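Novice: When you get a sec, could you give me coordinates for this:
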Amino acid sequence: MKIEVGTTTLHVHEQVGHGSTGRPALVFLHYFGGSGRTWKPVMDALVAAGWRCLAPDLRGFGKSPAPGEDWTHHTVDKMADDIAGLVGRLELERFIVVGHSMGGKVALALAARQPAGLVGLALVSPSPPTPEPMKATERSRLLSGYGDAAAMKKTLRQITARPLSDATRDAAIADNLRASEPAWRAWLDHGSREDISARVPRIKVPVRVVVGAKDKAITGELVTPEILARVSGPEALLKSVPDVGHLLPLEAPSDAVQFLLDAFAAFKPVSENLQPG
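Specialist: Residues are numbered from 1 along each chain as shown. Okay, the predicted model is just below:
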């Protein structure tokens, strides 16, 4: 479905599980170059377990258009504005944000605003709130590789540790190729370099973080001081998944599902909360 929010229109993938009434909705934010469909294998399993899942294509990615050419249309805060608008338009009374990589930084920015209804934050190999430690050569390679399928394939090989199926690989490459150039360049030149770390202590909801043990970019050693040590709310927890690189939702969706089920097991559907008799 398409939802108009602020200055843009978001394409949103939605799936609703039987018995989801009474549980918060799960709002999934994708990685740089991806789209909401990145989360489909994870959403399929969670919907079967009774959750409502929504995964927007962030502005300029997937089927969501770029609202402008200038990088100022594609800041972390602009993307967070979109998600806040989406939550409002859909009248979500309670929700959990699940952010992967770039989507993790957007999730941090949104959670720091303490929006009404937010009850949890799950971060998957999240881009840190400080400038992302990306080598200049890699940043340049990604910038020059925009729209180049061969470059996209190389990137996938570099950031994954487990083999992807042909269908998953092809879908990931297709997502990369349909990303708008303004959004692509804005993240590499500006968004990934933004520093929102001073806001992180404002987050007051439970925070759960998972990283791939073989992720060379976002490691536990990076996440712990940059995110976990800054959170001033309920205790934040970190999990590491063996033999996984940066793309956990694609490399090991079952592990991503189990991480989320464990992280938010306290939220049960209404039917499970009712007492017999």
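Novice: Count the neighbours of residue 76 for me.
Specialist: 24 (other Cβ atoms under 10 Å). Backbone N, C-alpha and C define where each C-beta goes, glycine included.
Novice: Wait, it touches residue 191, no?
Specialist: Yes: using Cβ atoms under 8 Å, residue 76 makes contact with residue 191 at a distance of 5.4 Å.
Novice: Mutual contacts of the two, please.
Specialist: residue 105 (Cβ atoms under 8 Å, 6 or more residues apart in numbering).
Novice: so what strands line up beside the helix or strand harbouring residue 3?
Specialist: Element membership for residue 3, per DSSP states H and E: strand 2-5. Strand pairing for strand 2-5, determined by DSSP bridges: strand 8-16 (antiparallel).
Novice: Toward the C-terminus, what is the element adjacent to the partner strand?
Specialist: Taking DSSP H and E, what comes next after strand 8-16 is strand 25-29.
Novice: and the helix or strand that comes right after that next one, which residues are buried?
Specialist: Using DSSP H and E, the helix or strand that follows strand 25-29 towards the C-terminus is helix 40-48. The neighbour-count check on helix 40-48 (16 or more other Cβ atoms under 10 Å) flags 40, 41, 42, 43, 45, 46, 47 as buried.
Novice: what angle separates helix 40-48 from strand 25-29?
Specialist: Orientation of helix 40-48 against strand 25-29 (axes from the mean of the first three to the mean of the last three Cα atoms, to 10 degrees) gives an angle of 180 degrees.
Novice: ok, and what's touching helix 40-48?
Specialist: Against helix 40-48 from outside (Cβ under 8 Å, 6+ apart): 13, 15-17, 26, 28, 53, 55, 249-250, 253-254, 256-257, 260-261.
Novice: Can you flag the buried ones in the residues you listed?
Specialist: Going by neighbour count (16+ other Cβ under 10 Å), these have 13, 15, 17, 26, 28, 53, 55, 249-250, 253, 256-257, 260 buried.
Novice: Could you give the average pLDDT over stretch 119-133?
Specialist: Across stretch 119-133, pLDDT averages out at 95.
Novice: how about the helices of this protein, start to end?
Specialist: Counting by DSSP state H, the chain has helices at residues 40-48, 76-89, 102-111, 136-144, 149-159, 166-178, 181-189, 220-223, 248-251, 253-263, 270-273.
Novice: worst average pLDDT in those?
Specialist: Here those differ in mean pLDDT, and the lowest is helix 270-273 at a mean of 43.
Novice: Can you get me the start-to-end distance on stretch 87-105?
Specialist: Stretch 87-105 has an end-to-end distance of 18 Å (criterion: Cα to Cα, to the nearest Å).
Novice: in that stretch, what's buried?
Specialist: 87, 90, 92, 95-105.
Novice: returning to what we had before: closest to residue 150 among the contacts of helix 40-48?
Specialist: Of all the contacts of helix 40-48, residue 150 sits closest to residue 250, with 19.3 Å by Cβ to Cβ.
Novice: distance of the closest one from residue 18?
Specialist: 26 Å (Cβ to Cβ, to the nearest Å).
Novice: mind giving me TSV with the buried residues of stretch 87-105 and columns for distance to residue 178?
Specialist: Below are those laid out as TSV (distance: Cβ to Cβ, whole Å):
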residue	distance to residue 178
87	25
90	25
92	27
95	27
96	28
97	24
98	22
99	21
100	18
101	18
102	16
103	17
104	22
105	22
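Novice: if we take those, which one ends up nearest to residue 128?
Specialist: residue 105 (7.3 Å).
Novice: Would you agree that closest one is in contact with residue 128?
Specialist: Yes: the pair residue 105 / residue 128 is scored as a contact, 7.3 Å apart, by Cβ under 8 Å.
Novice: Among the buried ones among the contacts of helix 40-48, give me the pair with the biggest separation.
Specialist: 17 and 250 (21.5 Å).
Novice: re the thing from before, so which of the buried residues of stretch 87-105 comes closest to residue 63?
Specialist: Using Cβ to Cβ, those come closest to residue 63 at residue 103, 16.1 Å.
Novice: how close does the residue nearest to residue 24 when sequence neighbours are not counted get to residue 22?
Specialist: What sits nearest to residue 24 in space, not counting adjacent residues and going by Cβ to Cβ, 6 or more residues apart in numbering, is residue 94, at 3.8 Å. Using Cβ to Cβ, we find residue 94 at a distance of 9 Å from residue 22.
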